[in-house]
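[1] Generate coordinates for the sequence data below:
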Amino acid sequence: MIGADALALHLNPLQEEGNTNFRGLLKRIEALKKKITIPLMVKEVGCEISREVAVKLRESGVDCIDIAGAGGTSWARIESLRANEGYLKGVGDDLSEWGIPTADSILLVKSAVSDIPIIASGGIRTGMDASTVVLMAMHIIGFKGLEAIPYAVKLGVSLQLNNILRDIGEDWKAGRLYLPLDELKDFNLSELDIQSGIVDNRWRAFMRYQIERCRRLYSESLPSISMLAPDGRFAIAAAELYRAILNDIEYNDYDVFHRRAYVNSLGKLRRLPGIWWRSKTLSYQKSVLRSEI
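    Residues are numbered from 1 along each chain as shown. Coordinates of the predicted model:
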């Protein structure tokens, strides 16, 4: 009716305000699959998909699974805040930290269901988590050989380090710190300096060191674009957009405490033609991947 390419079913009983009867859901999914001609995807919303559930979904005809594991946005927590008091608030509080982390869920689901696409969203906190997701994307896109895998791991680490550097201030306010304490100490910094949010020469030196490391990881990983299937190269090469956040951190004098670094829409549009061209012509070189534009 609306020309959709696929239909996604969200498993979100906590937020349902209408029909909350989830009995016989697998049979309903199976019946729905027989009535539609487009792919059917099932998406979790922050609790994960277990190995057993993934198998049952596949047997019911599901074409794709988005596991959306624990660790990202907690919709149980959101419902708890919306409810303020009463039964729903108690349930939301109890389930706010419940579920399997995304990276663990990926491994569990892929060990049981390997013939359909698996999407990972939410709950990506470490470089190894991100590397797991990039490796998953490679299997969906297709790659030439096992020699591509170490590059995928590096790309995952560079993306997550990029994310950590951007979110230092926000993470601290949320009670999280992903920076290595020994490296902070090397620059005569401590958790108290993160708490104070003061940008001084020590902090600038520390951030320059981390940004250089992140750029080096990008430069060592992106040339492997040529090892991917042609149709998927542009999607992975778009990591360059994320890398451009490092430029914004520098532009704002390494102040990640009071402003979240980002690339605006114009900046993205300005970069996309070059990214597309490099992904098509396989012209990635280290010189291209230094701070540019």
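
[2] would you list every one of the helices in the stretch 101-250 of the chain?
    102-112, 127-141, 149-166, 168-173, 181-186, 191-196, 201-221, 233-237, 239-243, 245-251 (DSSP state H, counting those that start in this stretch).

[3] is it true that residue 277 touches residue 283?
    Yes - if you go by C-beta atoms under 8 Å, residue 277 and residue 283 touch, sitting 7.3 Å apart. C-betas here are computed from N, CA, C, even on glycine.

[4] what would the helices of the stretch 101-250 of the chain look like in TSV with mean pLDDT?
    Below are those laid out as TSV (pLDDT from 0 to 100):
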stretch	mean pLDDT
helix 102-112	74
helix 127-141	55
helix 149-166	83
helix 168-173	90
helix 181-186	95
helix 191-196	95
helix 201-221	93
helix 233-237	75
helix 239-243	84
helix 245-251	95
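
[5] okay, the ones you listed, which one's buried deepest?
    Comparing those by mean neighbour count (mean count of other C-beta atoms under 10 Å), helix 149-166 ranks first with a mean of 21.

[6] the inter-axis angle of that one versus helix 201-221?
    150 degrees (axes from the mean of the first three to the mean of the last three C-alpha atoms, to 10 degrees).

[7] Check which helices and strands helix 149-166 sits against.
    Helix 149-166 is packed against helix 127-141, helix 201-221, helix 239-243, helix 245-251, with contacts defined by 3 or more C-beta pairs under 8 Å, 6 or more residues apart in numbering; DSSP states H and E.

[8] how about the third one as PDB, C-alpha atoms only?
    Meaning helix 239-243. Extracted in PDB, the C-alpha atoms of helix 239-243 (Å, rounded to 0.1, in the frame of the first residue of the first chain):
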ATOM      1  CA  ALA A 239      32.900   5.900   8.500                       C
ATOM      2  CA  GLU A 240      34.800   8.900   7.200                       C
ATOM      3  CA  LEU A 241      31.800  11.100   8.200                       C
ATOM      4  CA  TYR A 242      32.200   9.800  11.800                       C
ATOM      5  CA  ARG A 243      35.900  10.500  11.700                       C
END
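
[9] which residues sit against it?
    Residues outside helix 239-243 that contact it (C-beta atoms under 8 Å, 6 or more residues apart in numbering): 155, 158-159, 162-163, 214-215, 218, 222, 263, 268, 271-272, 275, 289.

[10] Looking at those residues, which is nearest residue 31?
    Lowest distance from residue 31 to the contacts of helix 239-243 (C-beta to C-beta) belongs to residue 159, with 39.8 Å.

[11] re the thing from before, between residue 277 and residue 283, what contacts are shared?
    Common neighbours of residue 277 and residue 283 (C-beta under 8 Å, 6+ apart) do not exist.

[12] Endpoints of stretch 183-196, how far apart?
    End-to-end distance for stretch 183-196, by C-alpha to C-alpha, to the nearest Å: 18 Å.

[13] swap in stretch 41-61?
    Across stretch 41-61, first to last residue, C-alpha to C-alpha, it's 9 Å.
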